[in-house]
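Q: predicted structure and sequence below. I'll ask about it afterward.
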Amino acid sequence: MSAPSLPDLTGRTYVVTGANSGIGLEAARKLAAAGGLVVLAVRDTAKGEAAAAQLDGSTEVAELDLADLSSVRAFAEAWGEREITSLVNNAGIMMVAQGRTVDGFERQLGTNHLGHFALTNLLLPQVTDRVVTVSSRLHNGPQVDFDDLDLERSYKPTRAYQQSKLANLLFTAELQRRLTDAGSSVVAHACHPGYSATNLQSHHANPLMNKLMWLGNKVVATSAEFGARPTVHAVTADLPPNSYIGPSGFQGLRGAPGSNPRSAQARDADAARRLWEVSEQRTGTSFPL
């Protein structure tokens, strides 16, 4: 299946977090090739520069460590008043061993959700079109554990990842509600890549799981290029607010990008509002519009 063609994106600016590899790199490649200026917001700028050198089109590289709120704030301050057509919250870590971010958050929630939550609120006044956040089919797990958000009582790598990806969808829904209430024309979407072969699957806390996921990448997974298609569709297509885009074929694994179902947990408006309030307290950032 060939990739869908994109409109001319000349004059538009896209900030893509974690764009030095995997889904982020392939999304950046497509947006830059269509004429957009793509800013690769990455933790390791040397890797970011190496990635940018592979891309045709206009790119910039900027340092951003989502596991460190001081880095998030520094990125936003350095950005200034420049317009951002779309912010793509793509970076993430998956099923890693238990650990803490610089600010003391459980690593997966801190990186995948709280870092992006702070970044979005800090940059939102500059965003002119949309915020797209990459979630996962694995969001369909237990509810967010508000009594033990850092999973101190019982840390399991998969559970922590599921919670962070559920948080991405709750964040998107509540962000859209607030944008609508504020009368903003900016929209929020979420997406997922299906099961794509990237280096995300190589950091599981359990070495056996790393081997199993390596096998899955070889046998079952689609390419990173294919996995990036839902992200690019969410960034460029005319969609209803708060869309959730993924492969439209069997089990959300293959097929052209299209609307995908959310779990009941991800449709819980009360949980979305509560998570937003907790995230504001934890990050010291709030909805700016």
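A: That came in fine, so what should we check first? Numbers count the residues shown, from 1 in each chain.

Q: every contact and neighbour count from this point should use C-alpha atoms.
A: OK.

Q: mind listing what's buried in stretch 177-196?
A: 177-179, 186-196 (16 or more other C-alpha atoms under 10 Å).

Q: swap in stretch 38-58?
A: Judged by neighbour count using 16+ other C-alpha under 10 Å, the buried positions of stretch 38-58 are 38-43, 45, 48-49, 51-52, 55, 57-58.

Q: which of those fall in helices?
A: In helices, defined here by DSSP state H, the members of those are 45, 48, 49, 51, 52.

Q: my guess is the last one contacts residue 46. True?
A: Going back to what we said before, that points to residue 52. No. Applying C-alpha atoms under 8 Å as the test, residue 52 and residue 46 come out as separate, 9.9 Å apart.

Q: so where's the stretch 151-289 of the chain uncertain?
A: The model of the stretch 151-289 of the chain has pLDDT under 70 over residues 196-221, 249-254.

Q: now the helices for it?
A: Using DSSP state H, counting those that start in this stretch, the helices found in the stretch 151-289 of the chain span residues 157-181, 207-219, 224-236, 269-283.

Q: out of those helices, which is closest to residue 85?
A: helix 224-236 (9.3 Å; C-alpha to C-alpha).

Q: residue 144 and residue 165 touch, don't they?
A: No. At 10.0 Å, residue 144 does not count as touching residue 165 under the criterion of C-alpha under 8 Å.

Q: these two: which is more packed in?
A: Taking other C-alpha atoms under 10 Å, residue 144 and residue 165 do not tie; residue 165 has more neighbours (29 against 21).

Q: and the longest strand anywhere in the chain, what does it pack against?
A: When the chain is parsed with DSSP state E, its longest strand is strand 127-134. With contacts taken as 3 or more C-alpha pairs under 8 Å, 6 or more residues apart in numbering; DSSP states H and E, strand 127-134 sits against strand 84-89, helix 157-181, strand 187-191, helix 224-236.
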